[in-house]
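Student: Need coordinates for the below:
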Amino acid sequence: MEIVASHHGPIHGAAVQSIKSTRGSNTKLNRKILNLNLSRNRISSQGAEQLGDAVGSNDTMERLNLSWNSITGQGAIVIAHGIKENVRLRQCDLSWNGFAGRAGIELARVVRENTKLSHLFLRGCRLEDQALEAIGQGLLITSMDESQLELVDLSRNPFSTKAVSHLFFTLTQLSHTKLKCLLLEDVPIDCQCSQILMELNTKFPDMSIKHGPELIVGNTWEEVKVESGKFVSLFVLLREGIRYNRRRLVDILSEMDTDRNHCVTLAQLIEALRKLPIRYRHSQLVDLLQSLDKLHNGTIYYG
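Tutor: Numbers count the residues shown, from 1 in each chain. This is a model prediction of the structure:
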């Protein structure tokens, strides 16, 4: 059975009672619900408290959509607890509700303890850095179990780039995972974050991670937004021996090349670019590495 009450205004007690495990006909209805869509019903914190217990006790529901409501505070905590307890639920959409503070930590427990969920949508839930860290730890712990989680949408939450970097690092510690898609579409990443992401992509090539804009190294966020300034071609700068700020990139790399094999590591190249200094995008480093990795060992041939 599918129940859709989307766009209907405030939810009433009958809708809550329909999924509660009670006596008589309601019990039979409870056992038939597979898909419950209550999005855009202005469900309040109080309504969510009633609904949370019902969600936790339901043993047939596979898909739950509570997006675009007014679920906050204690109601959000109870809803998260109910989802954590529901062992049949496969897909859950809580987008555009308020799960700040303790409610966000409770959501992280969903990730950690409900190993049956495959799709979890938390877009625009006011989640904070602390919740993101807890979610990362939850993913790390469930990798030791049989977690079915394939997609997590964390976009439109006020995460910092530093918190996202910590999340990526945590994911590199996974031994295995079924996670295929991680959405952080509006969160900008910096050079350090990009390096960790490269490592993550190498370890889990089937995992798709969508993030926000790439911060320009050495620029402020305001400069990034207006895309100010031009970026020199690192390849041309290196191959043509062009002087930049009265120094040549190739000369700095030569000083770092203690083995005298005309190869440097990516970290050494980054340090050389800092010494000039040159503004660049991390994607330029990736392109240069792909073009000049003559020995196929992750080093850059500058000779």
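
Student: what about the strands in the stretch 1-150 of the chain?
Tutor: With strands called from DSSP state E, counting those that start in this stretch, the stretch 1-150 of the chain shows them at 2-4, 35-37, 63-65, 91-93, 119-121.

Student: So for Ser291, which of those sits nearest?
Tutor: With Cβ to Cβ as the measure, strand 119-121 is the member of the strands of the stretch 1-150 of the chain nearest Ser291 (38.4 Å). Every residue, glycine included, has its C-beta placed from N, CA and C.

Student: for the chain, what are the low-confidence residue spans?
Tutor: By pLDDT under 70, the low-scoring segments of the chain are 1-31, 144-145, 215-232.

Student: Pop the domain breakdown of it in here.
Tutor: The chain breaks down by automatic domain parsing into domains covering 2-215, 226-301.

Student: Please identify the deepest-packed of the ones you listed.
Tutor: Comparing those by mean neighbour count (mean count of other Cβ atoms under 10 Å), domain 2-215 comes out on top with a mean of 18.

Student: Contact partners for the nearest residue to Ile83 once chain neighbours are set aside?
Tutor: Closest residue to Ile83 apart from its sequence neighbours, by Cβ to Cβ, 6 or more residues apart in numbering: Val110 at 5.3 Å. Residues near Val110 by Cβ atoms under 8 Å, 6 or more residues apart in numbering: 80, 83-84, 92, 117, 120, 138.

Student: how much space between Ile196 and His166?
Tutor: Distance, Ile196 to His166, using Cβ to Cβ, to the nearest Å: 9 Å.

Student: cool, Trp96 as well?
Tutor: 25 Å.

Student: again, but for Glu271
Tutor: Distance from Glu271 to His166, by Cβ to Cβ: 23 Å.

Student: what do you get for Ser233?
Tutor: Counting by Cβ to Cβ - Ser233 and His166 are separated by 33 Å.
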